[in-house]
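>>> okay, here's the prediction I keep looking at, along with the sequence it came from:
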Amino acid sequence: MKKISLILCLTGVGIGFLFFCVCSCFADDLQARKIMEKVEDRDNGDNMTSDMLMVLIDKNGKKRKKEFKNFSKDFGKDEKRIMFVEKPADIYNTGFLTFDYDDPKKDDDQWLFLPALGKTKRIASQDKSSSFMGSDLNYSDMTQKDTNDYNYELLKEITINGQKVWLIKSLPKTREIADETGYKQSIIAVRQDNFMVIKAKMFINDSSDIKYMSVKKIKKIDGIWVALENHIIKKEGKRVIHQTLLQQTNVKFNKNLNVNLFTIRQLEKGL
Amino acid sequence: MSTVRVKIDHFFEQLASFLYDYKYIVILFMFAAAGLLASQLPNIKIDTSTEGFLHENDPILIDYEAFRDQFGREEIAIVALKSSNIFNKKFLNDLKSLHNDLKENLPYLDDITSLINARNTHGKKDELIVEDLFENFPESKTAMSEKEKRARNNELYKNLLLSEDGLYTAIVIKTRTYSSKDEDVNDDLTDFMTSEGDDFLTDEKSVREDTKDKKKLSNQGYLTDQENSEFVKALEIIVDRHRIPLVEMYIAGTPVITDFLKRSMVKDMRKFMLIAFITIAILLFIMFRRISGVILPLLIVILSLLSTISLMAMSGVPIKTPTQILPSFLLSVAVGASVHVLVIFFQHFDKNRSKKDAIVFALGHSGLPILMTSLTTSGGLLSFSTAAVAPIADLGIFASVGVLLSFIFTIIFLPAFLAIIPLKAKSKTISLKGKTKGKNAAIMDKILNFAVHISTTRPVQVLALFFIIMLIAISSIHKIRISHDPVRWLPDAPGGIRMVNEKIDRVFKGTTSLEVIVDTGKQNGLYDTEFLNKLENASNYFEQYKDDKCFVGKAFSITSVVKETNQALHENNSQFYSIPQNRELIAQELFLFENSGTDDLEDFTDSQFSKARFTIKMPFVDAIAYSGFIKMTEGYFKEKFPLSDIQLTGMIAMLARVLENALYSMLQSYLYAFIVITILMILLIGKLKMGILSMIPNIYPIVIMLGIMGWFDFPMDLFTMMVASIAVGLAVDDTIHFMHNFRKYFEKYNSAQKAVHETLHTTGRAMLVTTCVLSTGFFTFMFSSMNNLFNFGFLIGITLIMALLADYFIAPALMVLVNKKKNYR
């Protein structure tokens, strides 16, 4: 009797497992995955320098501008970035130095320098879903994603501004991944010619708020496609609650930046 | 004057005759009209929020909405847990699972904060750590006790997340500000994806217009009552899922109270209507001993009630806490008119057996008096229509419309219906004239005879006695306590919502707040050291505040964020828990904070850093205690920040405003009611002096009622303030009947004494019946679960009884005295 119930039990578990496999297979689709792999593996250049203008627009339409100078360089598979505030004057030369490791198990390292304090602080922040410089983008939006963390589904092919795109639904596989990126689901528009993401609708965790991201201007610079203008609109229901405009200018690649640029000493020295 | 009256009587007779002839069409038409109106009924809304007490254009409400648009809904729900050992893994695990369940499953959630995710910013040598307090549980005991120490010393957690006595911890839940009605997350996908790019709104004007447009398009306003109730219901279910043995758990906060008010209101309204209905039916049966005598008046009041509520639904006016009295109020008030018509109708019908004649006679006889009483009643009610307290104005308008509607239904529908239904004349009737004397009638006669005897033979003594009673009442009027205290409306059952809220309010030193917005008017105004120092001083000043009625539990602003960041950047040295005296450092620390993974800054300032929000947390007390405090606070900020614009808002400002409006409206409505009714009385009686004199028995019960309020400590609140104007509008009906009949009999017998006798033995009985119906109707409110409604029902019931006594004693005595003098002359 015991044996039978054990077998029944196991069969039950087996069927459940099979069901689970079938489900997750259906949820993922190979074509979409291949597209997304190409998106994440796209060459995003090395030794990049750029000026960034960030315009934050609140729900009353009030604007606030910040300007940054950016430098990044690949170190093997890892990437180092340094960023200085140019404007406004009150925070001039406030700087961030970031080491972004390819190894997903290794947390990023980040240092912050406040000139008025005259000290560098290492920031131990594990929260990638937090806002990037007060904008509607978060740190996870700025980094590449591991396609193994997501299930993809190709929704349809449409044309945006004369460009053929794939609409792909991306679902994080686990709650942890959703927590880390801050989104429970995204729908992404990928250009078919260059695998650039040009629009995205992102559903924020534990909320009905939604972010709408649109790339308004892309350009091939030194052989690399760069998004020069990015608009993000955050909505609560039908209300626009916040907007961000990100503009990159003076984008250059392959200047062979000095490795010493990506050090705490440079951070403290400022621009 | 009297020719006018004859003309009016004639008009009503003609009307009755017309209605009799076209009875089917009339009934069809009336049913169609009522049916059309009733189709609107499902649209009726309920609103028990504090905002609902103020008119849409009230400046204080506009300020509050601006505040809410900027900082979100400040009314929070609190789940409090009591444990002597909060910082223990087992307890924290339970807390975490509750926290996560709430976070994932509560609808309309905006923000949830507890020890689990409380901001924990601190420094370690050259490291800055920004984390959630219990993102992970520390493994070792020492690490745990270190965390406990940090939490207990955290100024921001104190009395928000952790009670001062250390026994309670709270999960603070903020709901969304806006309603998500009509929201469809998927409808715009293709739109968004294919749009050419003008979906981005760059200039201020277009953002505003867009928001306005959307508001109009989807009619999307603030979180609705319905959504709030869904939220509270889900909250209760989730908390129940996580009940932990031996841990006391409480749910409190204004969203919960609002929901409770709504639920008990719906329940109470049903109860009131049922009781009023049954009482009226019983009294009608006793009076007429006929099924038709019960059914017809009830049908008429139901039609009036349906039409009135439908009108409310049509005009989008929700039922609010004070307007909930409307249905049962209309039931008892509206029944009077049809009673008067039916009494005369049956008398005539039983005698002469002709239905049409009886209808014509009844309407001709009673048309004018019921028109007059309807006018005075609705006049008394209409005195609320300009009230600054929105639902009281609503009540004034719709109750008076309801009374007039019931008048129309009575004079049109009742004759037509009487014409249709088969009726048998009774040879022996128990008429109001009381020819057949039962036991009750005998007692009744004794009472009436006593009243007649006393008031006509010793008018001076009677008046003197009543005058003395009035003086005693007047002497205690000054003791009346003005009050607006919605928490104390709730029933104080052990373990009930009121006790829970009072307890949590006590434990956490207040759960409501006064919000001060200090607007520097310039971008980055908050970077100014001097400005932040002054804000910091204000915190210290207000946290010390205590008077005999209330105290400040906590006062905080953006300075707490600056101090916390400054300390963390200085290796947690507590000396640096202060405002840095360097503008750049303030700016950089705020930038760092903004960038450190929290959006908490939104709670303290606008995106421009031009406005500072200063929150003063206080307990729920009677709003009267807030008024002085608000004035003091405004004075303080205006003096310390002369260059900034100061605005006071928040729940406390709203409560105080409601009280202020109520007081002003009360005086205004008393005055209006008095003037309107005096004028109507003068018009009705046709003589200035008599008209004014007839107001004495109307004012008298009001004075006594006020005396009772002062003597027995009934608070003068939103509800009890309505008693006087409503009561005067009702009490005057009896006086009208008395004066009307007295005049008739006085002209007939030319003896005041005889006229009083006749009047009381005829109309006096009807007055008794209507007073019984009305006061029972109002006493019904004493079955309410709300204390405020209990008081209201009791006081108005008592006042109506007083009014009857005044008409039995004062009015006759006055008439005898006045007419004696006349005779001597």
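Received the coordinates, thanks.

>>> rest of the way, CA atoms for contacts and neighbours
Noted.

>>> show me the helices in the stretch 701-825 of chain B, by range?
B:721-749, B:752-779, B:787-805, B:811-824 (DSSP state H, counting those that start in this stretch).

>>> an error on my part: the question was meant for the stretch 1-150 of chain A.
Going by DSSP H, counting those that start in this stretch, the stretch 1-150 of chain A shows helices at A:2-27, A:30-41, A:139-142.

>>> list the helices and strands the helix or strand that the shortest one is followed by packs on?
Along the chain past helix A:139-142, the next helix or strand (assigned with DSSP states H and E) turns out to be strand A:150-160. With contacts taken as 3 or more CA pairs under 8 Å, 6 or more residues apart in numbering or on different chains; DSSP states H and E, strand A:150-160 sits against helix A:2-27, helix A:30-41, strand A:163-172, helix B:189-194.

>>> residues of the third one that come out buried?
In other words, strand A:163-172. Neighbour-count burial for strand A:163-172 flags A:V165, A:W166, A:L167, A:I168, A:K169, A:S170, A:L171, A:P172 (criterion: 16 or more other CA atoms under 10 Å in any protein chain shown).

>>> looking at it, B:G336 is touching B:C772, isn't it?
No: in this structure B:G336 lies outside contact range of B:C772 using CA atoms under 8 Å: 10.9 Å.

>>> overlap of the contact sets of these two?
Listed as contacting both B:G336 and B:C772 by CA atoms under 8 Å, 6 or more residues apart in numbering or on different chains is no residue at all.

>>> out of these two, which sits in the busier spot?
B:G336 (27 against 20; other CA atoms under 10 Å in any protein chain shown).

>>> run through the residues that contact the more buried one.
So B:G336 contacts B:T770 (CA under 8 Å, 6+ apart).

>>> secondary structure element for it, which one?
B:G336 belongs to helix B:326-352, assigned by DSSP H and E.

>>> per-residue confidence averaged over stretch B:712-719?
For stretch B:712-719, the mean per-residue pLDDT is 91.

>>> what does that stretch contact?
B:322, B:479-484, B:659, B:662, B:708-709, B:788-789, B:791-792.

>>> which of the residues you listed are buried, as a ChimeraX select command?
Filtering those down to the buried ones (16+ other CA under 10 Å) takes a single ChimeraX command:
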select /B:322,479,480,482,483,484,659,662,708,709,788,789,791,792
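
>>> please enumerate the strands of chain A.
Listed in chain order, the strands of chain A (DSSP state E) span A:48-58, A:63-75, A:78-87, A:95-100, A:109-114, A:119-124, A:150-160, A:163-172, A:183-191, A:197-204, A:210-221, A:224-236, A:239-252.

>>> mean pLDDT and distance to B:N105 added to those, as JSON lines?
Formatted as JSON lines, the strands of chain A follow (pLDDT from 0 to 100; distance: least, CA to CA, whole Å):
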{"stretch": "strand A:48-58", "mean pLDDT": "92", "distance to B:N105": "28"}
{"stretch": "strand A:63-75", "mean pLDDT": "91", "distance to B:N105": "35"}
{"stretch": "strand A:78-87", "mean pLDDT": "91", "distance to B:N105": "39"}
{"stretch": "strand A:95-100", "mean pLDDT": "90", "distance to B:N105": "34"}
{"stretch": "strand A:109-114", "mean pLDDT": "89", "distance to B:N105": "34"}
{"stretch": "strand A:119-124", "mean pLDDT": "84", "distance to B:N105": "30"}
{"stretch": "strand A:150-160", "mean pLDDT": "89", "distance to B:N105": "23"}
{"stretch": "strand A:163-172", "mean pLDDT": "91", "distance to B:N105": "19"}
{"stretch": "strand A:183-191", "mean pLDDT": "91", "distance to B:N105": "14"}
{"stretch": "strand A:197-204", "mean pLDDT": "90", "distance to B:N105": "14"}
{"stretch": "strand A:210-221", "mean pLDDT": "90", "distance to B:N105": "18"}
{"stretch": "strand A:224-236", "mean pLDDT": "89", "distance to B:N105": "18"}
{"stretch": "strand A:239-252", "mean pLDDT": "90", "distance to B:N105": "23"}
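
>>> which residues are in contact with the closest residue to B:D622 other than its chain neighbours?
Excluding its sequence neighbours, the residue lying closest to B:D622 (CA to CA, 6 or more residues apart in numbering or on different chains) is B:D485, at 4.6 Å. B:D485 is in contact with B:F620, B:V621, B:D622, B:A623, counting by CA under 8 Å, 6+ apart.

>>> need the contact list for residue 79.
With no chain named, the answer covers chain A. Taking CA under 8 Å, 6+ apart as the test, what A:E79 contacts is A:S72, A:K73, A:F99, A:D100, A:Y101, A:D102.

>>> my question was about chain B
B:A170, B:I171, B:V172, B:M249, B:Y250, B:I251, B:A252.

>>> run through the bridge partners of it.
Note on B:V79: beta-bridge partners by DSSP bridges are B:I171, B:I251.

>>> and the gap between it and B:H737?
58 Å (CA to CA, to the nearest Å).

>>> which positions in the stretch 551-700 of chain B make contact with chain A?
When proximity is defined as CA under 8 Å from any CA of the partner chain, the stretch 551-700 of chain B approaches chain A at B:569, B:582-585, B:587-589, B:591, B:594-599, B:607-608.

>>> which residue packs closest to residue 222, ignoring adjacent ones?
Picked chain A for this. In space, A:D222 is closest to A:F253, 6.6 Å off (CA to CA, 6+ apart).

>>> try again with chain B
B:Y222 sits nearest to B:Y178 (CA to CA, 6+ apart), 4.0 Å away.

>>> same question, B:L688
B:I682 (5.4 Å).

>>> quick one: B:T224 from B:D259, how far?
For B:T224, the distance to B:D259 - CA to CA - is 11 Å.

>>> who's more crowded, the two?
Legend: neighbour count by other CA under 10 Å for B:T224 and B:D259, higher for B:D259 (23 against 19).

>>> and the pLDDT at the more buried one?
Reported pLDDT for B:D259: 92.

>>> for the one 10 residues further on, same thing?
B:M269 is assigned 87 on the pLDDT scale.

>>> among the contacts of B:D485, which lie within helices?
B:A623 (DSSP state H).

>>> please render the contacts of B:D485 as a markdown table that adds neighbour count and distance to B:T529 to the earlier fields.
Output for the contacts of B:D485, formatted as a markdown table (neighbours: other CA atoms under 10 Å in any protein chain shown; distance: CA to CA, whole Å):
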| residue | neighbour count | distance to B:T529 |
| --- | --- | --- |
| B:F620 | 25 | 34 |
| B:V621 | 22 | 35 |
| B:D622 | 21 | 37 |
| B:A623 | 22 | 35 |
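
>>> in CSV: the contacts of B:D485, plus pLDDT and distance to B:Y20.
Shown next, in CSV, are the contacts of B:D485 (pLDDT from 0 to 100; distance: CA to CA, whole Å):
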residue, pLDDT, distance to B:Y20
B:F620, 92, 60
B:V621, 92, 60
B:D622, 92, 57
B:A623, 92, 57
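
>>> is it fair to say B:L36 lies in a helix?
Yes: the assignment for B:L36 (DSSP: H, G, I helix; E, B strand; the rest coil) places it in a helix.

>>> near it, how many other residues are there?
B:L36: 13 neighbours (other CA under 10 Å).

>>> now swap in A:Q192 and tell me
15.

>>> surely it and A:K164 touch.
Yes: assessed by CA under 8 Å, A:Q192 is found in contact with A:K164 at 5.8 Å.

>>> one step back: need the helices of the stretch 701-825 of chain B in TSV with distance to B:S49, can you?
TSV is the format used below for these (distance: least, CA to CA, whole Å):
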stretch	distance to B:S49
helix B:721-749	20
helix B:752-779	25
helix B:787-805	16
helix B:811-824	44
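
>>> out of those, the one nearest chain A is which?
Closest approach to chain A among those (CA to the nearest CA): helix B:787-805, 37.9 Å.
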